[in-house]
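Participant: Turn this into a model:
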Amino acid sequence: MTARRAPARERQTRTAPERRTAAAADGARPVRAAAGKDARGNAPVRLRRTDGLLRRVVIEGVRPQVDEGRFPAKAVLGDIVAVEADIYADGHDALCADLLYRQATDSAWTVAPMRPLGNDRWRADFPAGELTAYAFTIEAWVDAFQTWRRDLASRVEAGQNVAGDLLTGAALIGDAAHRAPPDDAGLLRAHASRLAGKGTQARRAELGLDGDLAALMRPYGDRAHATRYGRDLLVAVDPARAGFSTWYEMFPRSVWLDSPVGQAPGPGGQATFADVERRLPYVAEMGFDVLYFPPVHPIGRTQRKGKNNATRARAGDPGSPWAIGSEEGGHKSIDPQLGTPQDFRRLARKAKKFGIDIALDIAFQCSPDHPYVKEHPQWFKRRPDGSVQHAENPPKKYEDIYPFDFGTPDRQALWEELKSIFLYWIGQGVRIFRVDNPHTKPFPFWEWLIAEVKREQADVILLSEAFTRPKIMYHLAKLGFTQSYTYFAWRNAKQELTDYFTELARTEVSDFFRPHVWPNTPDILTEDLRTGGRPAFSARLVLAATLSANYGIYGPAFELMEQAPREAGSEEYLRSEKYEIKRWDVRRPDSLRGLIARVNRARRENPALQSDRGLRFHRADNDRLICYSKETAGGGNVVITVVNLDYGQRQAGWVEAPVEDWGIAPDEAYQVHDLLSDARYTWRGPRNYVELDPQVAPAHVFRLRRASAGGSGREFE
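Facilitator: Numbering: from 1, shown residues only. You can find the predicted model right below:
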């Protein structure tokens with residue numbers, strides 16, 4: 001954008017030439033490079049000393065950290081953010097380390113002592129208690145008192161004379177008194193006096209090893225040569241629903257045959273927002289907390305698509321909702337056949353009463369009839385003949401859509417207008433947005449826009465619909481997208497599911513990428529769903545809902561197991577709802593509605609399924625069975641899932657679970673409660689037998705129940 005001041009983070013990440021150029025432009029005096037470079041052009045290295053001593057502690061491997069602090073890590077409101085680092089020094093001296101954290105807008109740090117985990121790894125936590133960004137860093141130092149105390153204990157145990165050691169300890173305590181406030185200084189001087197006094201060595205050594213003294217001394221150790229980590233890192237805190245949500249996607253214009261709309265559809269033969277209000281109990285009873293609509297704006301008529309994506313529409317064809325804009329309005333307008341803005345706001349309020357948030361699709365593109373095309377022709381790319389270039393993703397063509405030219409010379413006005421679209425719908429009460437194809441728009445645009453929107457409304461959630469290369473998907477998440485689509489739909493075999501979700505949940509990717517998985521979408525009908533029948537839909541539902549804390553389905557196509565492709569091998573639906581108004585009979589007795597409700601109830605009632613970080617995969621001796629667990633911190637809630645990946649055959653085998661990690665002895669009996677069938681089984685030890693018939697139950701979702709205290713092994717919590 002022209003004449004835009006770079007945000008602070010951007011200014012801090014300029015290259016050295018850019019900083020020198022910027023400094024000159026700002027009137028600042030650039031710093032000259034030192035003379036006397038070596039043959040490679042490098043300046044000589046000079047040791048920095050403090051009172052003649054080097055800083056000895058090394059701090060590295062800090063997590064969470066995204067691209068060396070270029071981007072914030074992610075947390076959700078109420079999280080306990082775990083900070084870990086490798087901290088070590090030369091020699092054998094004892095170390096101390098503190099985590100320093102604050103809200104990014106504050107100046108004062110809060111200090112939390114770090115604890116060693118072993119192998120030079122240290123950890124401390126801080127609460128994400130506000131919907132804001134937090135800054136944190138680490139400070140560590142060689143602690144002379146802790147070193148003295150450790151060595152004193154060893155010498156006392158060995159029966160050695162420790163008279164000199166006690167005098168050394170008294171001196172260290174006396175030095176600390178000079179750094180302490182008056183009350184603590186008095187206590188420290190008293191300890192030093194007793195340690196250097198005339199009591200027996202045994203008694204004085206006991207005083208030196210007193211735990212209360214160690215706690216009193218810790219804040220006042222000599223930190224003159226402490227090491228501070230080289231940068232302050234950030235954690236961005238998102239709303240709780242960013243970390244755990246259950247989405248139901250539906251086209252509000254389609255007709256459902258279980259309500260009055262089935263007999264008396266609205267104008268043009270389609271449903272309205274008033275009809276959607278009558279569907280809310282159905283959505284809520286299945287356990288969904290986000291109801292997501294494709295674009296609800298007026299639809300263009302020029303080059304309108306017909307049924308089955310035909311390039312010519314027939315009379316009465318409603319067109320694709322993603323061809324946004326007509327003479328009736330654009331991105332800040334509602335298709336009049338759906339209702340009015342007042343109708344939309346009433347629907348959103350009614351949904352809230354069912355615990356449901358409305359999510360809207362944001363698609364930055366226009367129909368040829370959009371008011372922007374006439375009012376701002378400079379916002380669109382043109383061919384040499386002057387016509388506007390329509391959208392393409394070869395071999396696909398979208399003749400009914402014009403893409404924006406984000407690099408237009410008038411981009412400042414364009415970017416500001418696109419920001420105003422988000423702000424308009426935020427004003428209508430919307431806080432959750434699914435963003436269409438963000439990977440086809442410039443990265444700088446998203447970094448700017450997301451920061452601007454969240455500055456206005458901190459509790460906004462943005463879902464990135466970017467089915468593209470992994471690094472691009474990850475970069476969009478780093479730029480600020482709250483949640484991200486994944487490759488789940490195309491991960492089917494046991495090993496590829498294991499590898500993919502291990503990457504998402506147990507590597508540094510989890511610091512910034514929050515996966516949102518969908519077994520189907522209006523654009524994606526996978527081979528498994530086309531050919532696997534009811535067992536495939538059931539198994540993929542369980543996988544999605546238990547592997548990821550955020551998942552969604554496109555319904556009623558999913559619960560009614562819509563599986564007919566437009567042509568053989570196609571992922572496009574036959575008679576796709578994108579191009580016509582469907583009539584869904586949600587009363588069908590074969591609907592998966594009941595299973596979906598049980599799965600979502602298990603998610604609501606088990607905190608282990610509400611996070612991605614506790615995911616672990618376990619060995620199953622049959623490659624058609626996949627076994628994994630999720631647990632809360634401390635193992636208070638453990639859920640074990642086993643899924644049959646063969647949709648045509650019964651599969652059986654032995655699965656192994658790390659029961660000792662959950663506080664269960666290797667020979668102890670315990671109960672697993674299947675949350676889908678309500679069956680209960682007694683297991684013993686880590687290795688147990690499972691058998692799954694896909695036509696009956698393609699999956700187990702077990703809640704682990706330990707034996708009651710004092711019980712015989714047959715009584716369970």
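
Participant: Quick check, central residue of the chain?
Facilitator: When CA atoms, centre = their mean is applied to the chain, the residue found nearest the centroid is Arg514 (2.4 Å).

Participant: surely that one meets Gln483?
Facilitator: Yes. Contact criterion CB atoms under 8 Å: Arg514 and Gln483 qualify, at 4.8 Å. Placement of C-beta: from N, CA and C, glycine included.

Participant: Can you check which residues contact both of these two?
Facilitator: Common contact partners of Arg514 and Gln483 (CB atoms under 8 Å, 6 or more residues apart in numbering): 242, 550.

Participant: got the domain boundaries for this protein?
Facilitator: As assigned by automatic domain parsing, the chain contains the domains 57-143+226-237, 145-220, 297-328+365-403, 609-705.

Participant: Any chance of TSV for those, columns mean neighbour count?
Facilitator: As requested, those are exported to TSV (neighbours: other CB atoms under 10 Å):
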stretch	mean neighbour count
domain 57-143+226-237	18
domain 145-220	16
domain 297-328+365-403	17
domain 609-705	18
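
Participant: Quick one: closest of those domains to Gln457.
Facilitator: Evaluated over the domains of the chain, closeness to Gln457 peaks at domain 57-143+226-237, with 10.2 Å, by CB to CB.

Participant: Distance from the chain centre to the closest one, please.
Facilitator: A distance of 20 Å separates the C-alpha centroid of domain 57-143+226-237 from that of its chain, computed with CA atoms, centre = their mean, to the nearest Å.

Participant: end-to-end on it?
Facilitator: One end of domain 57-143+226-237 to the other measures 31 Å (CA to CA, to the nearest Å).

Participant: Surely Glu580 is in contact with Lys305?
Facilitator: No. Contact criterion CB under 8 Å: Glu580 and Lys305 do not qualify, at 9.8 Å.

Participant: okay, and the common contacts of these two?
Facilitator: In terms of CB under 8 Å, 6+ apart, Glu580 and Lys305 are both contacted by the residues Asp317.

Participant: quick revisit: give me every residue that touches the residue nearest to the centre of the chain.
Facilitator: Listed by CB under 8 Å, 6+ apart, the contact partners of Arg514 are 74, 242-243, 477, 482-484, 550, 612.

Participant: Give me the subset of those lying in strands.
Facilitator: Among those, the residues falling in strands (DSSP state E) are 74, 483-484, 550.

Participant: what about the stretch 151-300 of the chain, any weak spots by pLDDT?
Facilitator: Applying pLDDT under 70 to the stretch 151-300 of the chain picks out residues 259-268.

Participant: Leu449 contacts Leu418, doesn't it?
Facilitator: Yes. In this structure, Leu449 is within contact of Leu418 by CB under 8 Å, at 6.8 Å.

Participant: More neighbours: which of those two?
Facilitator: Legend: neighbour count by other CB atoms under 10 Å for Leu449 and Leu418, higher for Leu449 (23 against 18).

Participant: any idea how far that one lies from Asn308?
Facilitator: Distance of Leu449 to Asn308, given as CB to CB, to the nearest Å: 35 Å.

Participant: same deal with Lys374?
Facilitator: 31 Å.
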